[in-house]
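*Asks:* Below: sequence and its predicted model.
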Amino acid sequence: IDDFGNGANYGGLGSYTPSNLGGGGTGPGLPNPPNKYCNGTGYANARNFVAAHSSDATNIASALHTGTAEILGLAGFESGWGTGPLIAAGTNNYFSLKAGPAFATGATGTFTLGSNTFETYNSFLSSGRAFAASYFGNRVNGVTGSVSFAQALNAGNKFNSESRSKPYNEVLANSIDIAR
């Protein structure tokens, strides 16, 4: 488990490999996966995730003066496109927000996964609002573009670790591009 409640290599429920992508994107605005880091549970989950959360993500993005794809890509990446362990546990914590005052806005409780304790929320929107109200939201306020958004969020490369197969910024930027 990494710092965000995901399995090693960001898979949520497994590693990213070319054989488990589930095919290319054919829906409007969804490109073929740019690389193997799309999602350990199948690319179709990304399309379903984007469709299910676009309205709430637009609300959050508007508050942060950023793009909807940036919010969807971040939430998709952090939650394994809605299939990761935090979501499976019913936390509605799509942004992998750890427990504490920085992320308590709208929280309904906490959930422990491994050695980490995370906030729980009623919905994608309440989780997103907590993200927007936090110092992470401040980092990305007004930032658009997948690479710029990832760099702003991960200022100082705090989220990189040797347990990850690719740098956080690269994988997040790819997830944002998938959400477009």
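*Replies:* That came in fine, so what should we check first?

*Asks:* Only C-alpha atoms from now on, for both contacts and neighbour counts.
*Replies:* Will do.

*Asks:* residues near residue 48, how many?
*Replies:* Other residues near residue 48 come to 12 when the count uses other C-alpha atoms under 10 Å.

*Asks:* Tell me the buried residues in the host helix or strand of it?
*Replies:* Assigned by DSSP states H and E, residue 48 belongs to helix 43-64. By neighbour count with 16 or more other C-alpha atoms under 10 Å, helix 43-64 contains the buried residues 43-47, 49-50, 53-54, 56-61, 64.

*Asks:* what's the closest of the residues you listed to residue 87?
*Replies:* residue 49 (12.1 Å; C-alpha to C-alpha).

*Asks:* how close does that closest one sit to residue 159?
*Replies:* 23 Å (C-alpha to C-alpha, to the nearest Å).

*Asks:* Tell me where the protein has helices.
*Replies:* Taking DSSP state H as the criterion, the chain contains helices spanning 43-64, 68-79, 85-88, 124-133, 135-140, 146-153, 168-179.

*Asks:* Can you name every helix or strand that the second one contacts?
*Replies:* Here helix 68-79 is seen to pack against helix 43-64, helix 85-88, helix 168-179 when contacts are counted using 3 or more C-alpha pairs under 8 Å, 6 or more residues apart in numbering; DSSP states H and E.

*Asks:* 10 Å instead?
*Replies:* Contacts defined by 3 or more C-alpha pairs under 10 Å, 6 or more residues apart in numbering; DSSP states H and E place helix 68-79 against helix 43-64, helix 85-88, helix 124-133, helix 146-153, helix 168-179.

*Asks:* May I have the shortest one exported as CSV, CA atoms only?
*Replies:* Included here for helix 85-88 are C-alpha records, laid out as CSV according to Å, rounded to 0.1, in the frame of the first residue of the first chain:
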residue,chain,number,x,y,z
PRO,A,85,-9.6,0.0,-1.8
LEU,A,86,-10.8,3.3,-0.3
ILE,A,87,-13.8,3.4,-2.6
ALA,A,88,-14.5,-0.3,-2.2
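
*Asks:* Report the distance from it to the chain centre.
*Replies:* 12 Å (C-alpha atoms, centre = their mean, to the nearest Å).

*Asks:* and it, what does it pack onto?
*Replies:* helix 68-79, strand 109-113, strand 116-120.

*Asks:* again with the third one
*Replies:* Helices and strands touching helix 124-133, by 3+ C-alpha pairs under 10 Å, 6+ apart, are helix 43-64, helix 68-79, strand 116-120, helix 135-140.

*Asks:* what residues does the shortest one touch?
*Replies:* With C-alpha atoms under 10 Å, 6 or more residues apart in numbering as the test, strand 116-120 has contacts from 1-5, 86-87, 89-101, 103-112, 126-127, 130.
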